[in-house]
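1. The following block contains a protein sequence and its predicted model.
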Amino acid sequence: MRNSSAAGIAFAAAAVFGFGVGCFVDLPPDGKYICTGDADCGGDGYVCTPSIGAGPRFCCKPSGAETCDAVDNDCDGVADDIPASACYTGTPGTQGVGPCHGGTESCVDGGWICVGEVVPRAELCNSADDDCNGVNDNGIDFRSDPQNCGVCGRGCSLPFRCEDGGCAVPIETICNDNIDNDGDSVRDCADSDCVGQSCGTGCVCRNLSRVETLCSDSQDNDTDTATDCADNDCDGGSCGTGCQCRTARKVELACGDTVDNDTDTATDCADLADCTGQSCGMGCTCAGGQKTETQCAPLSGDEDGDGTLNCMDSDCDGGTCGSGCLCASGSALETICFDIADNDSDSLQDCADPNCDGGSCVGGDAGCTCINGQKTEVNCLTTSGNEDGDANANCNDPDCLGKVCRTSPLRTCQAGGACQ
(Lines give C-alpha, C1' and ligand atoms only; values in the text may rest on other atoms or scores of the structure.)
Protein backbone atom coordinates (compact mmCIF):
# COMPACT_ATOMS: atom_id res chain seq x y z
CA MET A 1 0.00 0.00 0.00
CA ARG A 2 1.47 3.44 -1.04
CA ASN A 3 1.68 6.07 1.66
CA SER A 4 -1.01 8.72 2.04
CA SER A 5 1.02 11.39 0.28
CA ALA A 6 0.81 9.34 -2.85
CA ALA A 7 -2.83 8.31 -2.51
CA GLY A 8 -4.00 10.64 -5.25
CA ILE A 9 -1.21 9.41 -7.43
CA ALA A 10 -2.41 5.82 -7.08
CA PHE A 11 -5.73 6.55 -8.75
CA ALA A 12 -4.16 8.63 -11.42
CA ALA A 13 -1.47 6.00 -12.01
CA ALA A 14 -4.15 3.36 -12.29
CA ALA A 15 -5.82 5.40 -15.00
CA VAL A 16 -2.55 6.04 -16.81
CA PHE A 17 -0.84 2.67 -16.35
CA GLY A 18 -3.92 0.47 -16.61
CA PHE A 19 -4.36 -0.54 -12.96
CA GLY A 20 -8.12 -0.19 -13.19
CA VAL A 21 -10.90 0.30 -15.65
CA GLY A 22 -13.51 3.00 -15.49
CA CYS A 23 -11.52 5.23 -13.16
CA PHE A 24 -10.62 8.76 -14.20
CA VAL A 25 -8.36 11.24 -12.44
CA ASP A 26 -7.42 14.70 -13.74
CA LEU A 27 -3.74 15.04 -14.63
CA PRO A 28 -1.75 17.71 -12.78
CA PRO A 29 -1.31 20.96 -14.75
CA ASP A 30 2.36 20.17 -15.41
CA GLY A 31 1.66 16.55 -16.33
CA LYS A 32 3.99 15.29 -13.60
CA TYR A 33 3.15 12.92 -10.77
CA ILE A 34 4.70 13.55 -7.38
CA CYS A 35 6.46 10.56 -5.85
CA THR A 36 8.70 9.61 -2.97
CA GLY A 37 10.24 6.53 -4.54
CA ASP A 38 10.30 4.41 -7.68
CA ALA A 39 7.50 2.18 -6.31
CA ASP A 40 5.13 5.12 -6.47
CA CYS A 41 5.55 5.29 -10.26
CA GLY A 42 3.91 1.99 -11.15
CA GLY A 43 6.86 0.25 -12.82
CA ASP A 44 7.13 -0.03 -16.62
CA GLY A 45 10.53 1.68 -16.45
CA TYR A 46 9.29 4.75 -14.61
CA VAL A 47 11.48 6.05 -11.81
CA CYS A 48 11.15 8.73 -9.19
CA THR A 49 13.49 11.60 -10.00
CA PRO A 50 16.01 12.89 -7.47
CA SER A 51 14.95 15.79 -5.30
CA ILE A 52 16.24 19.16 -6.46
CA GLY A 53 16.65 21.32 -3.38
CA ALA A 54 13.38 21.49 -1.45
CA GLY A 55 11.27 20.76 -4.52
CA PRO A 56 9.10 17.64 -5.02
CA ARG A 57 10.15 14.47 -6.86
CA PHE A 58 8.32 13.33 -9.98
CA CYS A 59 7.75 10.10 -11.85
CA CYS A 60 9.81 9.98 -15.04
CA LYS A 61 10.67 7.35 -17.65
CA PRO A 62 14.29 7.74 -18.92
CA SER A 63 14.58 8.00 -22.70
CA GLY A 64 18.35 8.35 -23.15
CA ALA A 65 20.95 11.09 -22.94
CA GLU A 66 19.71 14.58 -22.21
CA THR A 67 18.80 16.58 -25.35
CA CYS A 68 17.59 20.15 -25.77
CA ASP A 69 13.83 19.54 -25.98
CA ALA A 70 12.36 20.85 -22.66
CA VAL A 71 12.13 17.22 -21.42
CA ASP A 72 14.04 15.57 -18.57
CA ASN A 73 15.35 12.79 -20.83
CA ASP A 74 17.76 11.28 -18.28
CA CYS A 75 15.30 11.69 -15.35
CA ASP A 76 17.72 13.51 -13.09
CA GLY A 77 15.04 15.97 -12.04
CA VAL A 78 16.09 18.76 -14.39
CA ALA A 79 15.09 19.20 -18.04
CA ASP A 80 17.72 20.29 -20.57
CA ASP A 81 20.59 20.25 -18.08
CA ILE A 82 23.23 20.04 -20.80
CA PRO A 83 26.70 21.49 -20.17
CA ALA A 84 27.17 24.88 -21.80
CA SER A 85 29.78 25.25 -24.57
CA ALA A 86 31.46 28.09 -26.43
CA CYS A 87 29.55 29.45 -29.43
CA TYR A 88 29.68 32.14 -32.10
CA THR A 89 27.04 32.74 -34.76
CA GLY A 90 28.68 35.68 -36.52
CA THR A 91 30.32 35.65 -39.96
CA PRO A 92 33.33 33.30 -40.03
CA GLY A 93 36.58 35.17 -39.58
CA THR A 94 35.06 38.02 -37.53
CA GLN A 95 35.32 36.46 -34.08
CA GLY A 96 38.00 38.24 -32.06
CA VAL A 97 38.07 41.20 -34.49
CA GLY A 98 37.01 44.57 -33.09
CA PRO A 99 34.24 44.13 -30.51
CA CYS A 100 33.08 40.75 -31.85
CA HIS A 101 33.49 37.81 -29.48
CA GLY A 102 31.89 34.47 -28.73
CA GLY A 103 29.37 33.55 -26.05
CA THR A 104 28.08 30.49 -24.25
CA GLU A 105 25.69 28.05 -25.95
CA SER A 106 22.78 27.24 -23.64
CA CYS A 107 19.56 25.25 -23.98
CA VAL A 108 16.58 27.45 -23.09
CA ASP A 109 12.95 26.31 -23.38
CA GLY A 110 13.95 23.43 -25.61
CA GLY A 111 16.10 25.48 -27.99
CA TRP A 112 19.75 26.45 -28.25
CA ILE A 113 20.77 30.08 -27.88
CA CYS A 114 24.22 31.72 -27.82
CA VAL A 115 24.29 33.94 -24.76
CA GLY A 116 26.72 36.84 -24.36
CA GLU A 117 28.13 36.90 -27.91
CA VAL A 118 28.71 40.07 -29.93
CA VAL A 119 28.37 39.62 -33.71
CA PRO A 120 28.97 42.04 -36.61
CA ARG A 121 26.40 44.71 -37.33
CA ALA A 122 26.11 47.44 -39.92
CA GLU A 123 29.00 49.90 -39.67
CA LEU A 124 28.11 53.17 -37.95
CA CYS A 125 30.16 56.35 -37.89
CA ASN A 126 31.30 56.08 -34.28
CA SER A 127 35.05 55.47 -34.42
CA ALA A 128 34.41 51.78 -33.79
CA ASP A 129 34.67 48.61 -35.87
CA ASP A 130 30.99 47.67 -35.80
CA ASP A 131 31.18 45.13 -38.65
CA CYS A 132 34.33 43.53 -37.19
CA ASN A 133 36.44 43.67 -40.34
CA GLY A 134 39.44 45.30 -38.66
CA VAL A 135 38.69 48.85 -39.86
CA ASN A 136 36.84 51.53 -37.94
CA ASP A 137 34.09 53.41 -39.81
CA ASN A 138 34.81 51.69 -43.12
CA GLY A 139 32.27 52.55 -45.78
CA ILE A 140 31.87 56.07 -44.46
CA ASP A 141 32.90 58.57 -47.13
CA PHE A 142 34.46 61.27 -44.96
CA ARG A 143 35.38 63.23 -48.10
CA SER A 144 31.79 63.85 -49.19
CA ASP A 145 29.32 62.57 -46.54
CA PRO A 146 27.22 65.66 -45.61
CA GLN A 147 26.54 64.21 -42.14
CA ASN A 148 30.05 62.96 -41.41
CA CYS A 149 32.33 65.42 -43.17
CA GLY A 150 35.94 64.68 -42.26
CA VAL A 151 34.93 63.20 -38.91
CA CYS A 152 31.90 61.42 -37.50
CA GLY A 153 28.95 63.64 -36.70
CA ARG A 154 30.11 66.80 -38.47
CA GLY A 155 27.47 67.96 -40.93
CA CYS A 156 27.54 70.72 -43.52
CA SER A 157 24.72 73.25 -43.87
CA LEU A 158 23.85 75.09 -47.07
CA PRO A 159 25.42 76.78 -48.93
CA PHE A 160 28.35 74.66 -47.79
CA ARG A 161 28.84 71.08 -48.83
CA CYS A 162 31.32 68.41 -47.85
CA GLU A 163 34.28 68.43 -50.21
CA ASP A 164 37.54 66.63 -49.50
CA GLY A 165 36.56 66.15 -45.87
CA GLY A 166 35.70 69.76 -45.12
CA CYS A 167 32.65 72.00 -45.35
CA ALA A 168 33.30 74.39 -48.22
CA VAL A 169 31.59 76.52 -50.79
CA PRO A 170 31.03 74.35 -53.91
CA ILE A 171 33.64 74.48 -56.65
CA GLU A 172 33.60 73.45 -60.28
CA THR A 173 35.11 69.97 -60.65
CA ILE A 174 33.90 68.94 -64.12
CA CYS A 175 35.57 71.24 -66.61
CA ASN A 176 34.45 70.01 -70.00
CA ASP A 177 30.66 69.61 -69.79
CA ASN A 178 29.72 73.21 -70.71
CA ILE A 179 27.78 73.45 -67.42
CA ASP A 180 28.19 75.93 -64.56
CA ASN A 181 28.34 73.17 -61.95
CA ASP A 182 28.99 75.37 -58.91
CA GLY A 183 26.54 78.13 -59.86
CA ASP A 184 29.02 81.01 -59.92
CA SER A 185 28.04 82.14 -63.46
CA VAL A 186 31.26 80.87 -65.12
CA ARG A 187 31.86 77.39 -66.42
CA ASP A 188 34.59 74.98 -67.37
CA CYS A 189 38.07 76.48 -68.00
CA ALA A 190 36.73 80.03 -67.62
CA ASP A 191 36.15 79.18 -63.93
CA SER A 192 39.31 79.56 -61.83
CA ASP A 193 38.27 76.39 -59.99
CA CYS A 194 39.30 74.46 -63.10
CA VAL A 195 42.90 75.65 -63.31
CA GLY A 196 45.08 72.58 -63.78
CA GLN A 197 42.06 70.32 -64.29
CA SER A 198 41.35 68.20 -67.35
CA CYS A 199 39.06 69.67 -69.97
CA GLY A 200 38.98 66.44 -71.98
CA THR A 201 41.40 64.10 -73.70
CA GLY A 202 44.68 65.92 -74.30
CA CYS A 203 43.32 69.15 -72.82
CA VAL A 204 44.08 70.98 -69.54
CA CYS A 205 42.70 74.24 -68.16
CA ARG A 206 45.41 76.92 -67.80
CA ASN A 207 45.09 80.67 -67.45
CA LEU A 208 41.30 80.37 -67.76
CA SER A 209 41.68 78.79 -71.21
CA ARG A 210 41.83 75.35 -72.77
CA VAL A 211 45.38 74.17 -73.52
CA GLU A 212 46.40 71.32 -75.84
CA THR A 213 48.62 68.73 -74.10
CA LEU A 214 48.40 65.73 -76.44
CA CYS A 215 50.42 66.72 -79.49
CA SER A 216 50.60 63.51 -81.49
CA ASP A 217 47.00 62.41 -82.09
CA SER A 218 46.10 64.63 -85.06
CA GLN A 219 43.26 66.08 -82.98
CA ASP A 220 42.45 69.65 -82.08
CA ASN A 221 42.08 68.75 -78.42
CA ASP A 222 41.55 72.29 -77.16
CA THR A 223 39.23 73.23 -80.07
CA ASP A 224 41.23 76.33 -81.07
CA THR A 225 41.52 75.21 -84.76
CA ALA A 226 45.28 74.44 -84.40
CA THR A 227 46.33 70.79 -84.16
CA ASP A 228 49.37 69.16 -82.54
CA CYS A 229 52.70 70.96 -83.24
CA ALA A 230 50.88 73.68 -85.19
CA ASP A 231 49.35 74.72 -81.86
CA ASN A 232 51.82 76.83 -79.90
CA ASP A 233 50.55 75.10 -76.74
CA CYS A 234 52.60 72.10 -77.90
CA ASP A 235 55.94 73.90 -78.19
CA GLY A 236 58.47 71.75 -76.34
CA GLY A 237 55.98 68.91 -75.99
CA SER A 238 56.27 65.37 -77.31
CA CYS A 239 54.81 64.65 -80.73
CA GLY A 240 55.50 60.93 -80.38
CA THR A 241 58.44 58.63 -79.79
CA GLY A 242 61.65 60.44 -80.71
CA CYS A 243 59.74 63.56 -81.75
CA GLN A 244 59.37 67.00 -80.15
CA CYS A 245 57.36 70.06 -81.14
CA ARG A 246 59.56 73.13 -81.68
CA THR A 247 58.50 76.42 -83.22
CA ALA A 248 55.33 74.94 -84.69
CA ARG A 249 57.04 71.97 -86.36
CA LYS A 250 58.00 68.38 -85.57
CA VAL A 251 61.68 67.80 -84.76
CA GLU A 252 63.44 64.41 -84.86
CA LEU A 253 65.11 63.59 -81.55
CA ALA A 254 65.93 59.88 -81.90
CA CYS A 255 68.62 59.83 -84.59
CA GLY A 256 69.65 56.22 -84.41
CA ASP A 257 66.45 54.18 -84.38
CA THR A 258 65.97 53.85 -88.19
CA VAL A 259 62.55 55.51 -87.86
CA ASP A 260 61.37 58.75 -89.46
CA ASN A 261 60.07 60.01 -86.12
CA ASP A 262 58.99 63.44 -87.36
CA THR A 263 57.46 62.04 -90.58
CA ASP A 264 59.38 64.45 -92.83
CA THR A 265 60.68 61.60 -95.10
CA ALA A 266 64.28 62.00 -93.74
CA THR A 267 65.39 59.39 -91.23
CA ASP A 268 68.06 59.62 -88.51
CA CYS A 269 71.35 61.27 -89.66
CA ALA A 270 69.83 61.90 -93.10
CA ASP A 271 67.57 64.42 -91.38
CA LEU A 272 70.18 67.18 -91.55
CA ALA A 273 68.10 69.91 -89.95
CA ASP A 274 67.31 67.94 -86.83
CA CYS A 275 70.03 65.31 -86.33
CA THR A 276 73.29 67.05 -87.29
CA GLY A 277 75.54 66.94 -84.22
CA GLN A 278 73.11 64.67 -82.38
CA SER A 279 73.84 61.19 -81.05
CA CYS A 280 73.03 58.28 -83.36
CA GLY A 281 73.85 55.75 -80.65
CA MET A 282 76.62 54.93 -78.21
CA GLY A 283 79.89 56.27 -79.68
CA CYS A 284 78.14 57.62 -82.77
CA THR A 285 77.30 61.21 -83.83
CA CYS A 286 75.51 62.49 -86.92
CA ALA A 287 77.77 64.61 -89.14
CA GLY A 288 77.22 65.60 -92.76
CA GLY A 289 74.18 63.41 -93.01
CA GLN A 290 76.18 60.32 -91.99
CA LYS A 291 76.81 58.32 -88.87
CA THR A 292 80.27 59.19 -87.54
CA GLU A 293 82.29 57.06 -85.12
CA THR A 294 83.23 59.00 -82.00
CA GLN A 295 84.05 56.15 -79.63
CA CYS A 296 87.14 54.33 -80.86
CA ALA A 297 87.62 51.96 -77.94
CA PRO A 298 87.36 49.05 -77.55
CA LEU A 299 89.26 48.34 -80.73
CA SER A 300 86.70 45.72 -81.80
CA GLY A 301 83.73 48.09 -81.95
CA ASP A 302 81.90 49.44 -85.01
CA GLU A 303 79.61 52.03 -83.44
CA ASP A 304 78.59 53.73 -86.69
CA GLY A 305 77.84 50.41 -88.39
CA ASP A 306 79.93 51.10 -91.51
CA GLY A 307 81.81 47.80 -91.33
CA THR A 308 85.11 49.46 -90.34
CA LEU A 309 86.30 48.89 -86.80
CA ASN A 310 87.38 51.81 -84.67
CA CYS A 311 90.98 52.94 -85.51
CA MET A 312 90.61 51.54 -89.03
CA ASP A 313 87.66 53.92 -89.44
CA SER A 314 88.87 57.31 -90.65
CA ASP A 315 86.34 58.89 -88.27
CA CYS A 316 88.67 57.85 -85.42
CA ASP A 317 91.88 59.34 -86.81
CA GLY A 318 93.43 61.36 -83.98
CA GLY A 319 90.96 59.97 -81.45
CA THR A 320 91.74 57.93 -78.35
CA CYS A 321 91.37 54.16 -78.57
CA GLY A 322 91.74 53.65 -74.85
CA SER A 323 94.24 54.38 -72.09
CA GLY A 324 97.65 54.94 -73.65
CA CYS A 325 96.31 54.40 -77.17
CA LEU A 326 95.78 56.81 -80.08
CA CYS A 327 94.22 56.20 -83.50
CA ALA A 328 96.45 57.42 -86.35
CA SER A 329 96.37 56.64 -90.09
CA GLY A 330 94.07 53.66 -89.58
CA SER A 331 96.15 52.07 -86.83
CA ALA A 332 96.26 52.03 -83.06
CA LEU A 333 99.45 53.50 -81.58
CA GLU A 334 100.84 52.90 -78.09
CA THR A 335 101.40 56.27 -76.37
CA ILE A 336 102.16 55.26 -72.78
CA CYS A 337 105.40 53.30 -72.64
CA PHE A 338 105.88 52.65 -68.93
CA ASP A 339 102.62 51.07 -67.67
CA ILE A 340 103.54 47.43 -68.44
CA ALA A 341 100.43 47.19 -70.64
CA ASP A 342 99.83 46.40 -74.31
CA ASN A 343 97.70 49.50 -74.85
CA ASP A 344 97.27 49.15 -78.62
CA SER A 345 96.62 45.38 -78.51
CA ASP A 346 99.48 44.47 -80.89
CA SER A 347 101.04 41.96 -78.45
CA LEU A 348 103.92 44.37 -77.72
CA GLN A 349 104.11 46.59 -74.69
CA ASP A 350 106.10 49.62 -73.60
CA CYS A 351 109.62 49.91 -75.14
CA ALA A 352 109.19 46.61 -76.99
CA ASP A 353 106.53 48.32 -79.13
CA PRO A 354 108.12 50.33 -82.02
CA ASN A 355 105.47 53.01 -81.40
CA CYS A 356 107.33 53.84 -78.17
CA ASP A 357 110.74 54.49 -79.80
CA GLY A 358 111.89 57.87 -78.45
CA GLY A 359 109.22 57.91 -75.79
CA SER A 360 109.67 58.09 -72.02
CA CYS A 361 109.87 54.71 -70.33
CA VAL A 362 109.36 56.21 -66.87
CA GLY A 363 106.23 58.26 -66.36
CA GLY A 364 107.03 61.97 -66.25
CA ASP A 365 110.78 61.36 -65.90
CA ALA A 366 113.13 62.21 -68.79
CA GLY A 367 115.84 59.97 -67.34
CA CYS A 368 114.69 56.97 -69.40
CA THR A 369 113.86 56.79 -73.10
CA CYS A 370 112.80 53.89 -75.34
CA ILE A 371 115.55 53.38 -77.96
CA ASN A 372 115.60 50.45 -80.38
CA GLY A 373 113.10 48.53 -78.30
CA GLN A 374 115.00 48.90 -75.02
CA LYS A 375 114.84 51.09 -71.94
CA THR A 376 117.82 53.40 -72.19
CA GLU A 377 119.26 55.57 -69.40
CA VAL A 378 119.66 59.17 -70.60
CA ASN A 379 120.12 61.05 -67.30
CA CYS A 380 123.52 60.05 -65.89
CA LEU A 381 124.04 62.75 -63.28
CA THR A 382 125.61 61.38 -60.12
CA THR A 383 122.65 62.70 -58.18
CA SER A 384 120.33 60.72 -60.33
CA GLY A 385 119.26 57.11 -59.97
CA ASN A 386 118.84 53.95 -61.99
CA GLU A 387 116.10 55.23 -64.32
CA ASP A 388 116.02 52.27 -66.71
CA GLY A 389 115.89 49.74 -63.89
CA ASP A 390 118.70 47.53 -65.22
CA ALA A 391 120.63 47.39 -61.89
CA ASN A 392 123.36 49.69 -63.24
CA ALA A 393 123.19 53.22 -61.88
CA ASN A 394 124.56 56.28 -63.65
CA CYS A 395 128.14 55.88 -65.05
CA ASN A 396 128.09 52.16 -64.23
CA ASP A 397 125.38 51.79 -66.89
CA PRO A 398 126.84 51.36 -70.44
CA ASP A 399 123.98 53.62 -71.62
CA CYS A 400 125.77 56.54 -69.89
CA LEU A 401 129.17 56.20 -71.60
CA GLY A 402 130.22 59.69 -72.74
CA LYS A 403 127.16 61.37 -71.21
CA VAL A 404 127.31 64.20 -68.67
CA CYS A 405 127.55 62.91 -65.15
CA ARG A 406 128.36 66.24 -63.44
CA THR A 407 127.65 69.79 -64.48
CA SER A 408 129.98 71.78 -62.23
CA PRO A 409 132.66 71.16 -63.10
CA LEU A 410 131.55 69.44 -66.28
CA ARG A 411 132.30 65.74 -66.26
CA THR A 412 131.29 62.76 -68.46
CA CYS A 413 131.00 59.05 -67.85
CA GLN A 414 134.12 57.13 -68.80
CA ALA A 415 134.70 53.47 -69.45
CA GLY A 416 134.82 51.54 -66.19
CA GLY A 417 132.15 53.74 -64.55
CA ALA A 418 134.26 56.75 -63.69
CA CYS A 419 132.82 60.28 -63.89
CA GLN A 420 135.73 62.45 -65.17
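-> Perfect, thanks for sending it. Residues are numbered from 1 along each chain as shown.

2. Flag the shaky bits of the stretch 301-420 of the chain, pLDDT-wise.
-> Within the stretch 301-420 of the chain, the ranges that satisfy pLDDT under 70 run 364-365.

3. could you pull out the helices for the chain?
-> Secondary structure of the chain (DSSP state H): helices at 7-17, 272-275.

4. State the mean pLDDT of the first one.
-> Meaning helix 7-17. If you average the pLDDT over helix 7-17, you get 38.

5. Same question for the shortest one.
-> Regarding helix 272-275, the rounded mean pLDDT is 96.

6. counting contacts, what elements does that helix pack onto?
-> On a contact count with 3 or more CB pairs under 8 Å, 6 or more residues apart in numbering; DSSP states H and E, helix 272-275 meets strand 249-252. All C-beta spots, glycine's among them, are computed from the backbone N, C-alpha and C.

7. Mind checking the pLDDT average for the strand it packs on?
-> For strand 249-252, the per-residue pLDDT averages 97.

8. So which bits of it are buried?
-> Buried residues in strand 249-252, counted by 16 or more other CB atoms under 10 Å: 250-252.

9. so what strands line up beside it?
-> Here strand 249-252 has these sheet partners by DSSP bridges: strand 243-246 (antiparallel).

10. And the contacts of the partner strand?
-> Defining contact as CB atoms under 8 Å, 6 or more residues apart in numbering, one finds that strand 243-246 is touched by 215-216, 228-229, 234-239, 250-254, 261-262.

11. which of these count as buried?
-> Among those, the ones that count as buried by 16+ other CB under 10 Å are 215-216, 228-229, 234, 237, 239, 250-254, 261-262.

12. mind listing what I174 touches?
-> I174 neighbours (CB under 8 Å, 6+ apart): N181.

13. Also P99?
-> 118, 128-130, 132.

14. Just name the closest of those residues to I34, please.
-> Within the contacts of P99, the smallest distance to I34 is 43.5 Å, found for V118 (CB to CB).

15. so C194 makes contact with E172?
-> Yes: counting by CB atoms under 8 Å, E172 is a contact partner of C194 at 5.5 Å.

16. Give me the common contacts of the two.
-> Here C194 and E172 have D188 as joint contacts, going by CB under 8 Å, 6+ apart.

17. Please state the offset of stretch 136-144 from the chain centre?
-> Remark: stretch 136-144 is offset 26 Å from the chain centroid, using CA atoms, centre = their mean, to the nearest Å.

18. List the buried residues in it.
-> Of the residues in stretch 136-144, 136-137, 140, 142 count as buried by neighbour count, 16+ other CB under 10 Å.

19. Looking at those, spot the one nearest D220.
-> Of all the buried residues of stretch 136-144, D220 sits closest to F142, with 40.6 Å by CB to CB.

20. Nothing else from me, thank you.
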